[in-house]
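Engineer: Using only what follows, build the 3D model:
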Amino acid sequence: MLQDEILELEERLAAPAVRASADALDRLISDEFVEFGSSGRVYTKHEVISQMLAAPGITASFADFRVLAVSPDVALATYRTGRHFAVLSGDVRDNPGESYFTRARPSRLMPKDA
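Structural biologist: So this is what the prediction gives:
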């Protein structure tokens, strides 16, 4: 199922072992990748990889994970993630699994143990 495949890719990208590997991150993130952070700041592939390599121990959990097949070759994943607060995120991927675009925005506060 497409949703399971995309969730597995997101979980892989969030895994500390992958976050510590420039080669693994390079394979999972498209050269054309762009992320709009919750602050409105725009990040490139290079900037995101640098941040992940600097903090490989950060982990994420995913809630309300949904995938919409936008076309036969493109999927949009939306989900909530975060430790002390929730972030609504959208991630566009093509069939080989490379991430092209991410947008995140703050949402409601969550309990610290969430």
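
Engineer: Next, the buried residues of the helix ranked longest in the chain.
Structural biologist: Longest helix in the chain, counting residues (DSSP state H): helix 2-14. Residues of helix 2-14 classed as buried by neighbour count (16 or more other C-beta atoms under 10 Å): 6-7, 9-10, 13-14. For glycine as for every other residue, the C-beta is placed from the backbone atoms N, C-alpha and C.

Engineer: quick check, nearest of those to residue 60?
Structural biologist: Proximity of the buried residues of helix 2-14 to residue 60 (C-beta to C-beta) peaks at residue 14, which lies at 4.2 Å.

Engineer: separation between the residue lying closest to that closest one once chain neighbours are set aside and residue 45?
Structural biologist: Once flanking residues are discounted, residue 14 sits nearest to residue 60: 4.2 Å by C-beta to C-beta, 6 or more residues apart in numbering. Computed as C-beta to C-beta, to the nearest Å, the residue 60 to residue 45 distance reads 18 Å.

Engineer: got the contact list for the closest residue to residue 2 other than its chain neighbours?
Structural biologist: Spatial nearest neighbour of residue 2, excluding adjacent residues (C-beta to C-beta, 6+ apart): residue 67 at 5.5 Å. Residue 67 makes contacts with 2-3, 6-7, 75-78, as judged by C-beta atoms under 8 Å, 6 or more residues apart in numbering.

Engineer: No further queries at this time; thank you.
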